[in-house]
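Chemist: Here is the input, now give the coordinates:
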Amino acid sequence: MTELLTKETFFKKVFNYEENKDWKFEGELPCIIDFYADWCGPCKSLAPVLETLNEEYKGKINIYKVDTEAEQELSGAFGIRSIPSMLFCPREGQPQMAQGALPKQELERVIKEVLGVEK
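Modeler: Model prediction:
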């Protein structure tokens with residue numbers, strides 16, 4: 001099951017943007033953060049794909065979700081204007097943002113190329 005992040009858990013597991021001006025990844029494993037809302041159709045179609053990837057890459061990456069309705073400040077900090085939006089955070093280097101419900105094949109490509117993780 002993908003983990004739902006609040007602002008506080010985001011600071012501990014991903015990035016504390018209040019303390020650091022420059023990107024500093026706090027996590028132990030590369031991660032994907034899915035910015036979503038319960039009413040969003042494409043978000044609902046993406047959810048089972050992310051659950052599958054969470055199982056397939058268990059122990060290699062973490063997949064988190066951020067409810068844009070409940071965490072408006074967090075969503076605003078990353079300039080989320082459309083959902084679903086996903087933030088890909090490698091252990092080293094800058095994160096990359098993607099918008100829209102990407103198909104599983106495309107997500108696997110991004111996991112390999114951006115996060116540097118093989119199945």
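
Chemist: residues touching the residue in the chain sticking out farthest from the centre, list them.
Modeler: What lies farthest from the middle of the chain is E19; by C-alpha atoms, centre = their mean that is 20.2 Å. The contact partners of E19, taken as C-beta atoms under 8 Å, 6 or more residues apart in numbering, are F11. C-beta coordinates here come from the backbone N, C-alpha and C atoms, glycine included.

Chemist: Identify the residue spatially nearest to P84, adjacent ones excluded.
Modeler: Here the nearest residue to P84 in space, its sequence neighbours aside, is C43; by C-beta to C-beta, 6 or more residues apart in numbering that works out to 4.6 Å.

Chemist: now do T9
Modeler: Per C-beta to C-beta, 6+ apart, closest to T9 is E3, 7.8 Å.

Chemist: pretty sure the one you found is touching K65, no?
Modeler: Yes. Using C-beta atoms under 8 Å, E3 is in contact with K65, at 7.1 Å.

Chemist: Which residues does the strand or helix carrying I33 contact?
Modeler: In this structure, I33 sits in strand 31-36 according to DSSP states H and E. With C-beta under 8 Å, 6+ apart as the test, strand 31-36 has contacts from 2, 5, 10, 13-14, 43, 46-47, 50, 53, 61-68, 75, 78, 80, 83-89, 107, 111, 115.

Chemist: what bridges to the spatially most central residue of the chain?
Modeler: Geometric centre of the chain, nearest residue: I33, 1.0 Å, by C-alpha atoms, centre = their mean. Under the criterion DSSP bridges, I33 forms beta bridges with Y64, L87.
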